[in-house]
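S.K.: Predicted structure and sequence below. I'll ask about it afterward.
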Amino acid sequence: MPAIWKQPISVETLTAIHVDTAVQRLGIEFLEVGDDYVTARVPVDGRTRQPYGILHGGVSVVLAETLGSCGAARSVPPGFRAVGLEINANHLRSATSGWVTGTARPVHIGRSTHVWQIELVDDAGRPTCISRITMAILDARGAEGAAASKPAAP
């Protein structure tokens, strides 16, 4: 399967664009970019635990949204951008230490929307969360999809 990326993407690129953001402050690390996926991890530590000592569900969603957004943003042509419309998350198992690793893959890549699925696992490879994000694809003017760049019909 050919790579889906339409813009430069690498672990280094993704790391660089997240300097001085929530991603960096939470300790999220980009690990790998494949032909059709992006992988990153988040530590389960004092920055990311909730009062019961487990990974905060919101942090799982931050990791999922980061991965899905990065995948969508890099798989659209230059001049377009991807913005989140909806995200959901099913929390399946808690994590109290170590790392939670997420992998995002596209379910649908369309002209005006993308849907990405993100699977999070603990250090033992057990699922902790499954998430799905829907992204709107906007051109440089902010209109949806490739159709926005076409002149209006008379």
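M.R.: Good, I have the coordinates.

S.K.: all contacts plus neighbour counts: C-alpha atoms, from now on.
M.R.: Fine.

S.K.: what sits up against the longest helix belonging to the chain?
M.R.: As assigned by DSSP state H, the longest helix anywhere in the chain is helix 57-74. Residues outside helix 57-74 that contact it (Cα atoms under 8 Å, 6 or more residues apart in numbering): 5-9, 14, 23, 28, 37-42, 48, 80-84, 87-89, 91, 102-106, 114, 116-120, 129, 131-133, 135.

S.K.: Using PyMOL, define a selection of the buried residues within those residues.
M.R.: The following PyMOL line selects those of the contacts of helix 57-74 that are buried, judged by 16 or more other Cα atoms under 10 Å:
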select buried, resi 5+9+14+23+28+37+38+39+40+41+42+48+80+81+82+84+87+89+102+103+104+105+106+114+116+117+118+119+120+129+131+132+133+135
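
S.K.: Show me the contacts of helix 57-74 that map onto strands.
M.R.: If you go by DSSP state E, these have 38-42, 80-84, 87-89, 91, 102-106, 114, 116-120, 129, 131-133, 135 in strands.

S.K.: gap between Y37 and H56?
M.R.: According to Cα to Cα, to the nearest Å, Y37 stands 24 Å off from H56.
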